[in-house]
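Chemist: task: produce atomic coordinates for the following.
(chains A and B, ligands or ions: 2)
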Amino acid sequence: MRALEKDRSGIVLTSLSKSFGVVQAVRAIDVNIAAGEIVALLGPNGAGKTTTIDMVLGLTRPDKGTVTLFGQSPSDAVKAGLVGGMLQTGSPPQYLNVRELITMVASLYPHALDVDEVLRLTGTTEIAKRSTVKLSGGQTQRVRFAIALVADPDLLVLDEPTASIDVEGRRDFWNVMRSVAAEGKTVIFATHYLEEADSYADRIILMARGRIVADGPPTEIKAKVGGRVIRATLVDVPVAELSQLPGVSNAERRGEGVTLSCGDSEASDKVLRELLARYPGARDLEVRGVGLEEAFLELTADDQDQADALRAGTDFNRGQELQ
Amino acid sequence: MKNLTYLRFEILRTLRNRRFLIFSLIFPLVLFFAIASPNKNIIVLGIPFPLYYMTGMAAWGSMTAMLSSGARIAAERQIGWTRQMKITPLSTWSYFTAKVLSGYMMALFAIIGLGIAGSTLGVSLSAVQWLTMLVLLLIGLIPFAVIGILLGHLMKVDSLGPALGGVTSLFALLGGSFGPIFTSGVMLKIVKDIPSYWLVQASRSVLSPSGWPPAQAWIVIAIWSVVMARIAARVYQRDTQRVS
Ligand SMILES: Nc1ncnc2c1ncn2[C@@H]1O[C@H](COP(=O)(O)OP(=O)(O)O)[C@@H](O)[C@H]1O
Ligand SMILES: [Mg+2]
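Modeler: Ligands and ions are numbered 1, 2, ... in the order given. Have a look, this model is predicted:
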């Protein structure tokens, strides 16, 4: 029934802008997300992901531009209980146990899910009786996810939901997210992990310095920013020969050192094996991610804020190495 | 209040906070017995001392209870819970109403507790007088409900404890909770413009022929309520800051 009442136009952001003093956090972005899409907002710290999400949720008023959620303003959509959100910061209030907290939040929505069902889905059944102030980082994130989920929202917005969860917990988290999203929910999540965006989104919107620098399916984005570089000391082999190796997109030589660019980690593994097999004399082998900041530089080559983008990208790179 | 489940949990959370219980109920009770028992038979400005002091302590405790809802708002703002609530269908109005009602519930405990304590020391009022006293106190607390919301938006949690303690003590002291401090002159004129003065004066009112306080009481309480509400609304609108 609800689906009938609801406009299927999804999420529409039109020249959305927001500045904080001199910082232009979000610069006139246009986004169209169809109902049912799972979209990752990928970008380094300071890219403007949270500011965008806050405007989508109606928590921050845009300086310019508009947001519509299923044809309504954010505040109307929120009032109608169509939106569930997990904000980047925030912790549950004290003097309640987990079940009580979820029950309290559920009571605010017109068509909430069953509390036990939500506890089960989010893996919080065992901690249902635990006080909200006695949870580990990972448990808190799950409870926060349960809070967003219990609304049974049409739009689920998650701002860096796996921050402070260990690698294993992260996988669990995304599996749950996937299974709930399979029911036709629209999901927007912010992350600075390329892997996460790649594995769990249908579409990646890449943000840097408040702008959208790329928008497309994960394969496309990964090809743009997920590249690897192999460096090695290798004498007497012409660059032309190296660039013929399967998986190498570009080869350069500087003195005794060569630099081989590869599409992704799969390609670089292959190239590495091939390199060692063909040229046993290859030494000082080193593989590294191109680094998203370098990728951003390329993607934003005509942007005068390159230097800033690079600076903003430091954390991003660290995130990538963690994987 | 549309959402009773939400209110129920708000009240539960308030009850589980021992500190509020101690400050709004235990302290005033202890002080009441300590001061009023030895002075049981004294008459202060025409009012039996136990009645006067019972009202004074009820005013102090219930003010503390009302202002402590501000502490809860500040805490929820600080941990980012307020923002989470803003993305639920709960309206701002209902959010504050639930806070004020749970503050009133604690205030009611303080008032009833002091009432019982008073009767053990010989305070005897008719049912109508008790009821009048209760109603006067509840109305007199309106400005403090608003001041609580205001402080909850102005202060950080760390500074809020001392601030609330200071503000309630000052209001209680000037209002005469611990005994009348000004009985004549210009200072009396000034304290009559403070809402806590009229809370404590509920004891005098119930003994008066009409049972109601003078017009000045209503005016003072109305003005404080309106002015504080306007300031609180302005502070609330300014408060869209993200927490970190
Ligand atoms: N309330 C604020 N006041 C001042 N600057 C802010 C505020 N919120 C965000 N910013 C700035 O806006 C930019 C974008 O921040 P944010 O949206 O949090 O990015 P992300 O979520 O991608 O890390 C950053 O430079 C940040 O410092
Ligand atoms: Mg962010």
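Chemist: what residues are bridge-paired with the residue positioned nearest the centre of chain A?
Modeler: Nearest residue to the geometric centre of chain A (CA atoms, centre = their mean): A:Thr191, 2.8 Å. Beta bridges link A:Thr191 to A:Leu42, judged by DSSP bridges.
Chemist: in chain B, which residue sits nearest chain A?
Modeler: Using CB to the nearest CB, the single residue of chain B nearest to chain A is B:Gly80, 2.8 Å away. Using the backbone N, CA and C atoms, a C-beta is placed for each residue, glycine as well.
Chemist: surely that residue touches A:Thr89?
Modeler: Yes: assessed by CB atoms under 8 Å, B:Gly80 is found in contact with A:Thr89 at 5.0 Å.
Chemist: which of these two has more residues huddled nearby?
Modeler: Using other CB atoms under 10 Å in any protein chain shown, the more surrounded residue of B:Gly80 and A:Thr89 is B:Gly80, with 19 against 15.
Chemist: how much space between the more buried one and ligand 1?
Modeler: According to CB to the nearest ligand atom, to the nearest Å, B:Gly80 stands 13 Å off from ligand 1.
Chemist: what's around A:Trp174, how many residues?
Modeler: A total of 18 residues lie near A:Trp174 under the criterion other CB under 10 Å.
Chemist: what residues sit buried inside stretch B:135-149?
Modeler: B:136-137, B:139-149 (16 or more other CB atoms under 10 Å in any protein chain shown).
Chemist: so which of those belong to helices?
Modeler: Counted as lying in helices by DSSP state H, out of the buried residues of stretch B:135-149, are B:136-137, B:139-140, B:142-149.
Chemist: so who does the residue of chain A found nearest chain B touch?
Modeler: Closest residue of chain A to chain B, CB to the nearest CB: A:Gly90 (2.8 Å). By CB atoms under 8 Å, 6 or more residues apart in numbering or on different chains, the residues touching A:Gly90 are A:144, B:79-81, B:83-84, B:243.
Chemist: out of the residues you listed, grab the one that's most surrounded.
Modeler: B:Gln84 (23 neighbours).
Chemist: so which residue is smack in the middle of chain B?
Modeler: B:Met63 (2.0 Å).
Chemist: ranges for the helices of chain B?
Modeler: Under DSSP H, chain B gives helices at B:4-16, B:18-21, B:27-36, B:49-78, B:81-86, B:92-120, B:127-140, B:142-154, B:157-175, B:185-191, B:195-200, B:202-207, B:215-238.
Chemist: and the gap between the nearest residue to A:Phe173 once chain neighbours are set aside and A:Gln141?
Modeler: Using CB to CB, 6 or more residues apart in numbering or on different chains and skipping the chain neighbours, the partner closest in space to A:Phe173 is A:Thr162 (5.6 Å). To A:Gln141, A:Thr162 is 7 Å away according to CB to CB, to the nearest Å.
Chemist: give me the common contacts of those two.
Modeler: Residues touching both A:Thr162 and A:Gln141 by CB under 8 Å, 6+ apart: A:169, A:173.
Chemist: can you pull the contacts of B:Asn41?
Modeler: So B:Asn41 contacts B:Phe49 (CB under 8 Å, 6+ apart).
Chemist: if we can go back for a sec, how far away is the residue nearest to the centre of chain B from ligand 2?
Modeler: From B:Met63 across to ligand 2, the span is 41 Å (CB to the ion, to the nearest Å).
Chemist: which ones are touching that residue?
Modeler: By CB under 8 Å, 6+ apart, B:Met63 lies in contact with B:107, B:141, B:144, B:168, B:171-172, B:196, B:199.
Chemist: so which of these comes closest to ligand 1?
Modeler: If you rank the contacts of B:Met63 by distance to ligand 1 using CB to the nearest ligand atom, B:Phe144 comes first, at 31.8 Å.
Chemist: doesn't B:Leu67 make contact with that closest one?
Modeler: Yes: B:Phe144 is within contact range of B:Leu67, at 5.9 Å (criterion: CB under 8 Å).
Chemist: returning to that earlier point: redo the helices of chain B as JSON lines? Include mean pLDDT.
Modeler: Shown next, in JSON lines, are the helices of chain B (pLDDT from 0 to 100):
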{"stretch": "helix B:4-16", "mean pLDDT": "94"}
{"stretch": "helix B:18-21", "mean pLDDT": "85"}
{"stretch": "helix B:27-36", "mean pLDDT": "95"}
{"stretch": "helix B:49-78", "mean pLDDT": "93"}
{"stretch": "helix B:81-86", "mean pLDDT": "94"}
{"stretch": "helix B:92-120", "mean pLDDT": "95"}
{"stretch": "helix B:127-140", "mean pLDDT": "94"}
{"stretch": "helix B:142-154", "mean pLDDT": "94"}
{"stretch": "helix B:157-175", "mean pLDDT": "89"}
{"stretch": "helix B:185-191", "mean pLDDT": "91"}
{"stretch": "helix B:195-200", "mean pLDDT": "94"}
{"stretch": "helix B:202-207", "mean pLDDT": "88"}
{"stretch": "helix B:215-238", "mean pLDDT": "92"}
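Chemist: show me where the stretch 101-250 of chain A has strands.
Modeler: Assigned by DSSP state E, counting those that start in this stretch, the strands in the stretch 101-250 of chain A fall at A:155-159, A:186-191, A:203-208, A:211-216, A:228-233, A:248-254.
Chemist: reformat those as CSV; add distance to ligand 2.
Modeler: As requested, the strands of the stretch 101-250 of chain A are exported to CSV (distance: least, CB to the ion, whole Å):
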stretch, distance to ligand 2
strand A:155-159, 6
strand A:186-191, 6
strand A:203-208, 10
strand A:211-216, 16
strand A:228-233, 27
strand A:248-254, 32
